[in-house]
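What shape does this take:
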Amino acid sequence: MKIIDSFLNKTTMYRVVLYYLAGLIGIAMVLGAFGLLPYNPLAIVFSLIFITAVCWVFNIIFARIYKAPANVESFIITAFILVLLITPPIVLFDTTYLWLAFWMSAWAIASKYIFAIKKKHVFNPVAIGAVITALVISGSASWWIATLWMMPFVLIGGLLVTKKVLRFDLVLSFLATAVIAIGWGHVGSIADLWTTLSRMVITTPILFFAFAMLTEPLTTPPTRFRRILYGVFVGVLFAPWIHIGGLYFTPELALIVGNVLAYLLSSKTKLILQLKEKIKVAEDTYDFIFQTNQKLAFAPGQYLEWTLGHTRPDNRGNRRYFTIASSPTEKDIRMGVKFYPGASTFKQKLLSMQRGETLVASQLSGDFVLPKDTKKKLVFIAGGIGVTPFRSMIKYLLDTRQKRNIKILYSNRTAEDVAYKELFTKAEQLLKIKTIYTLTDKKSVPDWWAGSVGYIDEAMIKKEVPDYKERMFYISGSGAMVKTFGAVLKAMGVPRSHIKKDFFPGFA
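Residues are numbered from 1 along each chain as shown. The predicted model follows:
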């Protein structure tokens with residue numbers, strides 16, 4: 001489990017999805033070679049090469065036409081999903097297969113640019129590509145991945161994907177609703193209901209649909225409640241007996257109708273941000289301050305997906321999620337980033353950015369925000385650069401002169417790693433928000449250090465926050481840190497509902 005957690009923490013979300021899909025294609029080839037799937041491995045390879053090539057070409061064409069960064073991972077993920085949906089050719093260069101695969105692949109890529117509002121695509125690319133193909137040339141996706149032999153691999157890998165993208169709320173609400181909707185007509189017989197549900201899991205694409213398509217970040221709502229609502233809505237439409245007149249819903253049609261709801265429930269913003277300045281705020285830590293002509297409405301603590309176009313990105317891609325470090329009261333958008341040895345090409349490019357250069361920010365999301373009840377007592381626990389959402393919150397409280405009962409426990413390895421100290425000092429002076437600093441590297445503690453030394457643990461929490469059972473805890477930092485502190489607080493008797501976690505995904 002530790003190996004899996006380490007892999008998920010060090011690998012970007014899109015890369016995990018890519019590995020998942022590539023693994024399924026590879027497994028399908030092996031099963032086909034042993035006759036457990038009715039598809040020749042060479043046919044699957046041919047399908048993979050053809051669909052990926054079509055997606056690649058159309059991605060380059062439309063990226064140039066619309067002057068948008070060409071995202072390598074995005075088109076490959078789209079291509080791999082299509083490979084698992086379009087039946088491989090019985091013979092190579094089967095014209096029926098080629099025409100179907102070409103149409104569906106071309107429209108899947110084109111939809112990202114054509115069906116976009118404010119440069120944000122509305123529909124799941126694969127789903128809309130399949131629907132347009134069905135309407136225009138009467139060809140359809142077979143979802144050939146939905147077989148008994150593939151099901152265990154779809155399930156295991158899909159759970160890892162869902163864990164990485166933090167979308168269990170969405171997946172579970174969809175699956176529960178779809179199960180109820182599909183089994184609705186069999187409530188009179190337990191045996192018939194069980195048979196129906198078993199067949200649904202084994203021979204329908206429900207699991208792959210949930211893990212690989214429903215969770216696509218850009219077409220899902222940004223907050224937990226809205227994601228659950230979205231999952232329920234798509235789950236109802238997924239039932240094969242749902243229809244409008246003579247039009248019955250297919251999985252892909254259910255998804256694009258759901259995408260409309262998701263769009264209405266989501267942020268519509270996609271910003272082109274121009275670097276204004278770069279400020280060193282701690283050792284190997286910088287704030288990147290961007291200016292934009294379009295005002296971004298957000299709540300302190302939310303995050304954005306940042307896309308940085310650069311040539312030859314490494315296997316971690318050219319997209320990252322970072323918390324917005326600025327406050328809604330500030331004119332510019334601020335992003336705080338810690339740079340570690342062996343940084344990704346994304347971070348190398350980011351660090352080398354010059355004034356006036358641009359990147360794209362979109363997909364505003366996050367529930368890691370201040371409670372509406374201003375009288376609720378809070379504790380912020382931050383590890384390293386995980387302090388950025390708290391910088392946003394504290395700056396907002398200072399600018400709005402809003403007093404809240406907050407204590408901050410801020411852990412860093414060395415004194416040089418402490419960021420935003422002036423801001424937190426000002427918050428203590430004006431708002432009585434106290435920050436307790438602690439260093440974990442005992443060998444490097446300077447003589448002048450007046451804060452604590454050691455890790456934040458149960459003893460420190462009880463000492464600094466004696467009324468901890470009355471407070472709500474906000475934890476932000478690495479995945480391992482958030483998980484550890486969550487377990488410590490539960491062991492101390494803090495209710496789960498009083499613990500908010502924010503895995504800070506910007507370390508890769």
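
what residue ranges in the protein score low on pLDDT?
Counting by pLDDT under 70, the low-confidence segments of the chain come to 1-2, 6, 9, 69-71, 118-119, 185-197, 268, 311, 503-508.

For it, which helix extends over the most residues?
Ranked by number of residues, the top helix in the chain under DSSP state H is helix 41-65.

Now stretch 487-498: buried residues?
Buried residues in stretch 487-498, counting neighbours by 16 or more other C-beta atoms under 10 Å, are found at 488-489, 494, 498. Every C-beta, even on glycine, is put in place using the N, C-alpha and C of the backbone.

mind listing what's buried in the longest helix of the chain?
Burial within helix 41-65, assessed by neighbour count using 16+ other C-beta under 10 Å, is assigned to 41, 43-44, 46-48, 50-52, 54-56, 58-59, 62-63.

Check which helices and strands it sits against.
The contact analysis (3 or more C-beta pairs under 8 Å, 6 or more residues apart in numbering; DSSP states H and E) places helix 41-65 against helix 13-33, helix 72-85, helix 95-114.

Give me the contacts around that helix.
Residues outside helix 41-65 that contact it (C-beta atoms under 8 Å, 6 or more residues apart in numbering): 25, 28-30, 32-33, 68-71, 74-76, 78-80, 82-83, 86, 88-90, 92, 97-98, 101-102, 105-106, 108-110, 112-114.

try 7 Å this time
By C-beta atoms under 7 Å, 6 or more residues apart in numbering, the residues outside helix 41-65 that reach it are 25, 28-29, 32-33, 69-70, 75-76, 78-79, 82-83, 86, 88-89, 92, 101-102, 105-106, 109-110, 113.

got the angle for it vs helix 13-33?
The directions of helix 41-65 and helix 13-33 differ by 150 degrees, with axes from the mean of the first three to the mean of the last three C-alpha atoms, to 10 degrees as the criterion.

Dump the helices and strands packed on helix 41-65 into TSV; add distance to residue 274 and mean neighbour count as well.
Shown next, in TSV, are the helices and strands packed on helix 41-65 (distance: least, C-beta to C-beta, whole Å; neighbours: other C-beta atoms under 10 Å):
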stretch	distance to residue 274	mean neighbour count
helix 13-33	25	19
helix 72-85	23	24
helix 95-114	22	20
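
looking at the ones you listed, which is closest to residue 340?
Closest approach to residue 340 among the helices and strands packed on helix 41-65 (C-beta to C-beta): helix 13-33, 17.5 Å.

just checking, what packs against the closest one?
Using 3 or more C-beta pairs under 7 Å, 6 or more residues apart in numbering; DSSP states H and E, the elements in contact with helix 13-33 are helix 41-65, helix 72-85, helix 151-165.

residue ranges for the helices of the stretch 201-350 of the chain, please.
Using DSSP state H, counting those that start in this stretch, the helices of the stretch 201-350 of the chain run over 206-208, 224-238, 251-265, 345-351.

so which of these is the most packed in?
helix 206-208 (a mean of 24; mean count of other C-beta atoms under 10 Å).

Which elements pack onto that helix?
Contact here means 3+ C-beta pairs under 7 Å, 6+ apart; on that basis helix 206-208 packs against helix 151-165.

And the helix it packs on, what's buried?
For helix 151-165, burial by neighbour count (16+ other C-beta under 10 Å) applies to 151, 153-154, 157-158, 160-162, 164-165.

go on, stretch 355-373?
358-370.

now that stretch, how far from the centre of its chain.
Averaging C-alpha positions (C-alpha atoms, centre = their mean, to the nearest Å) puts stretch 355-373 13 Å from its chain's average.

can you check stretch 449-457 too?
Taking mean C-alpha positions (C-alpha atoms, centre = their mean), stretch 449-457 and its chain are 33 Å apart.

and what of stretch 438-452?
On C-alpha atoms, centre = their mean, the centre of stretch 438-452 falls 36 Å from that of its chain.

now for the helices of the stretch 201-350 of the chain, which one comes closest to residue 403?
Evaluated with C-beta to C-beta, the helices of the stretch 201-350 of the chain place helix 224-238 nearest to residue 403, the distance being 27.9 Å.

and the protein, what are its domains?
With domains defined by automatic domain parsing, the chain comprises 2-265, 270-365, 378-503.

and the nearest residue to residue 267 once chain neighbours are set aside, what element?
With C-beta to C-beta, 6 or more residues apart in numbering as the criterion, residue 267 has its nearest non-adjacent residue at 3.8 Å, and that residue is residue 364. Assigned by DSSP states H and E, residue 364 belongs to strand 358-365.

outside of that strand, which residues touch it?
Outside strand 358-365, the residues within contact range by C-beta under 7 Å, 6+ apart are 69, 120, 217-218, 222, 267, 269-274, 298, 302-308, 333.

so it versus helix 224-238, what angle?
Using the same axes, to 10 degrees: strand 358-365 against helix 224-238 is 80 degrees.

Note down every partner strand of strand 358-365 and its orientation.
Paired strands of strand 358-365, with direction, are strand 270-282 (antiparallel), strand 303-307 (antiparallel) (DSSP bridges).

next one: the first one to chain centre, how far?
Strand 270-282 has its average C-alpha position 22 Å from the chain's average C-alpha position, going by C-alpha atoms, centre = their mean.

returning to what we had before: could you dump the helices of the stretch 201-350 of the chain into JSON lines with distance to residue 319 added?
Output for the helices of the stretch 201-350 of the chain, formatted as JSON lines (distance: least, C-beta to C-beta, whole Å):
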{"stretch": "helix 206-208", "distance to residue 319": "23"}
{"stretch": "helix 224-238", "distance to residue 319": "20"}
{"stretch": "helix 251-265", "distance to residue 319": "19"}
{"stretch": "helix 345-351", "distance to residue 319": "8"}
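
Quick check: which of the ones you listed is nearest to residue 283?
Minimum separation from residue 283 across those (C-beta to C-beta) falls at helix 345-351, 13.9 Å.
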